[in-house]
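generate a structure from the sequence data that follows.
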Amino acid sequence: MTHSDPPISPEDPTAASVPAPLDTTEDQGGSTTRQLLGMKGAKAGETNIWKIRLQLMKPITWIPLIWGVVCGAASSGHYTWSLENTLISAACMLMSGPLLAGYTQTINEYYDREIDAVNEPYRPIPSGAIPLPQVIIQIWVLLIAGLGVAYALDLWAGHEFPILLALAAFGSFISYIYSAPPLKLKQNGWAGSYALGASYIALPWWAGQALFGTLTPTIVVLTLFYSLAGLGIAIVNDFKSVEGDRQFGLQSMPVMFGVQKAAWICVLMIDIFQAGMGAYLIYIHENLYATILLLFIIPQITFQDMYFLRDPLKNDVKYQASAQPFLVLGMLVAGLALGHHVGV
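Next up is the predicted model:
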C-alpha cells in the first residue's frame, strides 16, 4: 500500500537549484503523458488542476501495489472467478493503488519539495503549479478514502478483527515516517529502502491474502523475505536524485556506497532473494513453479548487465522496463505456488 517514487532522472541535476518557470510547450504529447504518470522526461506546464493532482499521485507507482494484491489473492488458495470476487478484488486494488499509494506519493512530494527543486523542478509543487494548502487537502482525502475502502472490505469479508483496516493504517503510518521528519526513513539507505521494498511486495500481498483467505505467519515471513528483493527495486529509485540527496544529507545507497557499488547491491538483492523464494518452493515440493521462477532470473540478469550495471544513471528507466517484469511475474508464480500448496 505504500510505495515510493518511480525512477525519474532530472534533465540536468546540477543546473536546477531553484524552481523552473512553467513551460507551456509540449513535445507531441509525449512529455504530457510522462508528466501525468510520474515518469522520466516530464516538463512543467500543466494547468489543469485535476491533471496536476493526478501527477502528484504518480500513477506509474500504483502498478506494483495492484500486482501485489493479485499475488496475495492467488496465494490465499481460495480465490474463485466470479463477478463478486472480481469487483471486490478491484476495490482492494483501488485501496492499495490510487488511494493509498496516491496518498504516499502526495505526502512524499510535500515533504520532498525542497529536494525536488534541485532534482525535479518540473514537479507540481516546486514549479508552483499547485498551492501547498491544496496538496494538504489531497493528502487527507486520499488517506480517509483509502481507510474507508479498507473497512468496507473487512465488512464484506466478515472479519471479526478489521485486519484490512489495520494493514491500511499501518501502511499509511510507514508512508508518513518514510517521508516526514523527524524519522524520515528515507534518510537512511537501508531502513528506507526496506520500508519501500516491503510496501511494494509484503503489504499489498497481505491485503489480497487476508481478503480471500487467512493471513498466516508463514505468508508474513515469506513476503517479508521476498521484500528484500523489493529493497533492490527501491534502490533503483535513488539514482534519480543523487545530487539533491547529497546536498540535503540524505544517506541513500548511491550516496553511501557510490553509484557503481549501489548498482551491484541493487541487482544482487533482487536476484538472491528471488532465487531464495525459488528454493523455498522446491522445499515444499512445488517444483514446476520453482523452475519457472528460477528461469525468470536468467533474462533478468541479462538485462541487468546490458543496462543497469553499465550505466545506472542513464539506463535506470530502460532497466526497469526490461528486467523488472521478470521479478513481478515471478511474484505471481510464487503466489500461485503457495495457493496451490494450500489446496494440496
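
kindly provide the distance from the closest residue to residue 231 other than its chain neighbours to residue 251.
Counting by CB to CB, 6 or more residues apart in numbering, residue 197 is the residue found nearest to residue 231 once chain neighbours are left out, at 3.8 Å. (C-beta placed from N, C-alpha, C; glycine too.) Residue 197 is 17 Å from residue 251, where distance means CB to CB, to the nearest Å.

residue ranges for the helices of the stretch 1-150 of the chain, please.
Per DSSP state H, counting those that start in this stretch, the stretch 1-150 of the chain carries helices over the ranges 30-37, 49-57, 62-76, 83-94, 102-111, 113-119, 132-157.

now swap in the stretch 201-344 of the chain and tell me
202-212, 217-238, 242-248, 253-257, 259-283, 287-303, 316-343.

show residues contacting the shortest one.
With contact meaning CB atoms under 8 Å, 6 or more residues apart in numbering, helix 253-257 is reached by 189, 193, 235, 238-239, 242, 245-246, 262, 265-266, 312.

let's have those residues in CSV, adding neighbour count, pLDDT and distance to residue 289.
Converted to CSV, the contacts of helix 253-257 look like this (neighbours: other CB atoms under 10 Å; pLDDT from 0 to 100; distance: CB to CB, whole Å):
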residue, neighbour count, pLDDT, distance to residue 289
189, 24, 76, 33
193, 29, 85, 28
235, 27, 84, 27
238, 29, 80, 32
239, 25, 83, 32
242, 22, 81, 38
245, 24, 80, 39
246, 14, 82, 43
262, 22, 91, 32
265, 20, 93, 28
266, 28, 92, 26
312, 25, 88, 31
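
and of those, the nearest to residue 154?
Closest approach to residue 154 among these (CB to CB): residue 193, at 30.5 Å.

name the nearest residue to that closest one, sequence neighbours excluded.
Residue nearest to residue 193 in three dimensions, not counting chain neighbours: residue 234, with 4.1 Å by CB to CB, 6+ apart.

same question, residue 92
Ranked by CB to CB, 6+ apart and with sequence neighbours excluded, the top spatial neighbour of residue 92 is residue 69, at 5.0 Å.

my read: that neighbour touches residue 89, true?
Yes. Between residue 69 and residue 89 there is a contact under CB atoms under 8 Å: 6.6 Å.

more neighbours: which of those two?
Of the pair residue 69 and residue 89, residue 69 is the one with more neighbours under other CB atoms under 10 Å, namely 28 against 20.

hmm, back to that, now the helices of the stretch 201-344 of the chain as JSON lines including distance to residue 178?
Supplementary listing: the helices of the stretch 201-344 of the chain in JSON lines, determined by distance: least, CB to CB, whole Å:
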{"stretch": "helix 202-212", "distance to residue 178": "12"}
{"stretch": "helix 217-238", "distance to residue 178": "10"}
{"stretch": "helix 242-248", "distance to residue 178": "14"}
{"stretch": "helix 253-257", "distance to residue 178": "15"}
{"stretch": "helix 259-283", "distance to residue 178": "18"}
{"stretch": "helix 287-303", "distance to residue 178": "26"}
{"stretch": "helix 316-343", "distance to residue 178": "20"}
